[in-house]
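S.K.: Sequence first, then the predicted structure:
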Amino acid sequence: MATAFPFSAIVGQDEMKLALLIAAVDPTIGGVLVFGDRGTGKSTTVRALAALLPPMRAVVGCPYGCDPGAVAKLCERCTGAKGNGPPKSRLVPVPVVDLPLGATEDRVVGALDLERALAHGVKAFEPGLLARAHRGFLYIDEVNLLEDHLVDVLLDVAASGENVVEREGLSVRHPARFVLIGSGNPEEGELRPQLLDRFGLSVEVKTPSELAVRIEVVRRRDAFDRDPAAFAARWKREDARLRRRILAARERLPGVAVPDAALGAAAELCMRLGTDGLRGELTLMRAARALASLEGDGAVGEAHLRRVAPAALRHRLRRNPLDDAGSTTRVERALAEQFGPA
């Protein structure tokens, strides 16, 4: 297995790294969209997250990696085996699955296992990428170029949390809950509004403009390319510290309070910006709570809301023909009007 670039060694791009950590703490936030210039470390950061995540407990032999502790969310296979006692489980890496742009629908949702059908005359289901991504992360590079029929599949699964396959005499239903991560370059096309709305957080990455930062990026990348194992070993302690921080934040999360004042501030900010629906408030509240937990705070405050508001709201703004300011500028302006200067 190829050595991944250490998450802790990534220079700059603080908003992208924070958004991914928040999604790792609370997967219900709804995923992360990373848009920006080519060559700014988008794919590197996402793949580094895979090596950083703590392992998860899964039912032995389950093709979907069901959580033995979540009885209500077990697949049909694991539910049918409950009568034989508690399922055996083991620790496995959290899946981070790539969805290639050229993937067929059968590869994504799953299909008839032709080898077993021809060899044994048995109709069996061969799980697809959505099954492999269950309880993990589904990563789509150049997500804005994804074909419409695959976008429709993702929208259905993201809304229901399960994948339903009915074809070639098969009728299969299995859980498919994952954090969707997409990256792309806005110059190559926009994302369909329906899919854009499904991402909880949207972050912008830019080519570093500071000379010292650019030099450090090149220095670390060159050191990694020359000796990946030695470079990863140098950052192993930092990654381990960050992994423990994620685990502690997950344990603290249910106890983090969201005061009425924070809820009111989130709702007022969304009203000020004119966001559609209530998904903006929900995402802003959940992201602020995950950030508070990550930082060891017991309650959500103004500082947490201010830090996550751009990522939670910038992709939910309506186009305003009378205001040519970018979405990030509009969010920052609304924050300053509501809370005062940063």
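M.R.: It's in.
S.K.: only C-alpha atoms for contact and neighbour calcs from this point on.
M.R.: Noted.
S.K.: can you give me the helices for the stretch 201-342 of the chain?
M.R.: Remark: helices assigned in the stretch 201-342 of the chain by DSSP state H, counting those that start in this stretch are 211-226, 228-234, 236-252, 260-273, 279-294, 302-313, 327-339.
S.K.: what about those helices, which gets the closest to residue 111?
M.R.: helix 279-294 (33.5 Å; Cα to Cα).
S.K.: Which strands and helices lie in contact with the closest one?
M.R.: helix 14-25, helix 236-252, helix 260-273, helix 302-313 (3 or more Cα pairs under 8 Å, 6 or more residues apart in numbering; DSSP states H and E).
S.K.: wait, which of those is closest to residue 207?
M.R.: Among the helices and strands packed on helix 279-294, helix 14-25 sits nearest to residue 207 (Cα to Cα), with 12.7 Å.
S.K.: Could you identify the helix or strand that succeeds that closest one?
M.R.: strand 32-36 (DSSP states H and E).
S.K.: how about stretch 206-217 as CSV, C-alpha atoms only?
M.R.: Listed next in CSV are the C-alpha coordinates belonging to stretch 206-217 (Å, rounded to 0.1, in the frame of the first residue of the first chain):
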residue,chain,number,x,y,z
LYS,A,206,-6.1,29.2,-3.7
THR,A,207,-2.5,29.1,-4.7
PRO,A,208,-0.4,30.5,-1.8
SER,A,209,0.7,34.1,-2.4
GLU,A,210,3.4,34.2,0.4
LEU,A,211,6.9,33.3,-0.8
ALA,A,212,7.8,31.5,2.5
VAL,A,213,4.7,29.3,2.2
ARG,A,214,5.3,28.4,-1.4
ILE,A,215,8.9,27.4,-0.5
GLU,A,216,7.9,25.3,2.4
VAL,A,217,5.2,23.5,0.3
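S.K.: Buried residues of that stretch, list them for me.
M.R.: Buried residues in stretch 206-217, defined by neighbour count with 16 or more other Cα atoms under 10 Å: residue 217.
S.K.: and if you look at stretch 39-46?
M.R.: For stretch 39-46, by 16+ other Cα under 10 Å, it's 40-43, 45-46.
S.K.: Next: stretch 191-198.
M.R.: 191, 196-198.
S.K.: Take those residues and keep only those in helices.
M.R.: Mapping the buried residues of stretch 191-198 onto helices (DSSP state H) picks out residue 196.
S.K.: is it possible to export the buried residues of stretch 39-46 to TSV including secondary structure?
M.R.: Converted to TSV, the buried residues of stretch 39-46 look like this (DSSP: H, G, I helix; E, B strand; the rest coil):
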residue	secondary structure
40	coil
41	coil
42	helix
43	helix
45	helix
46	helix
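S.K.: what about residue 330, distance to residue 278?
M.R.: Distance, residue 330 to residue 278, using Cα to Cα, to the nearest Å: 19 Å.
S.K.: hmm, I was thinking of residue 166
M.R.: In terms of Cα to Cα, residue 166 sits 33 Å off from residue 278.
S.K.: swap in residue 267?
M.R.: 9 Å.
S.K.: Of the two, give the one with the bigger neighbour count.
M.R.: residue 267 (19 against 11; other Cα atoms under 10 Å).
S.K.: For the closest residue to the more buried one other than its chain neighbours, the count of nearby residues, please.
M.R.: Using Cα to Cα, 6 or more residues apart in numbering and skipping residues adjacent in sequence, the residue nearest residue 267 is residue 281, 5.8 Å away. Neighbours of residue 281 under the rule other Cα under 10 Å: 23.
S.K.: which ones are touching residue 281?
M.R.: Residues in contact with residue 281 (Cα atoms under 8 Å, 6 or more residues apart in numbering) are 266-267, 270.
S.K.: so how far is residue 30 from the closest residue to residue 309 other than its chain neighbours?
M.R.: Distance criterion Cα to Cα, 6+ apart; nearest residue to residue 309, sequence neighbours excluded, is residue 284 at 6.2 Å. Here residue 284 is placed at a distance of 11 Å from residue 30 (Cα to Cα).
S.K.: Between these two, which has more neighbouring residues?
M.R.: Higher neighbour count among residue 284 and residue 30: residue 284, with 28 against 21, using other Cα under 10 Å.
S.K.: And the pLDDT for that one?
M.R.: What the model reports as pLDDT for residue 284 is 95.
S.K.: which other residues reach stretch 18-36?
M.R.: 16, 42, 46, 49, 53, 178-186, 198-206, 246-247, 249-250, 253, 283, 286-287, 290-291, 294, 311.
S.K.: How is the chain partitioned into domains?
M.R.: 7-53+93-205, 254-339 (automatic domain parsing).
S.K.: Can you flag the weakest of these by average pLDDT?
M.R.: domain 7-53+93-205 (a mean of 85).
S.K.: coming back round to it: including distance to residue 128, could the helices and strands packed on helix 279-294 go into a markdown table?
M.R.: Output for the helices and strands packed on helix 279-294, formatted as a markdown table (distance: least, Cα to Cα, whole Å):
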| stretch | distance to residue 128 |
| --- | --- |
| helix 14-25 | 23 |
| helix 236-252 | 29 |
| helix 260-273 | 38 |
| helix 302-313 | 30 |
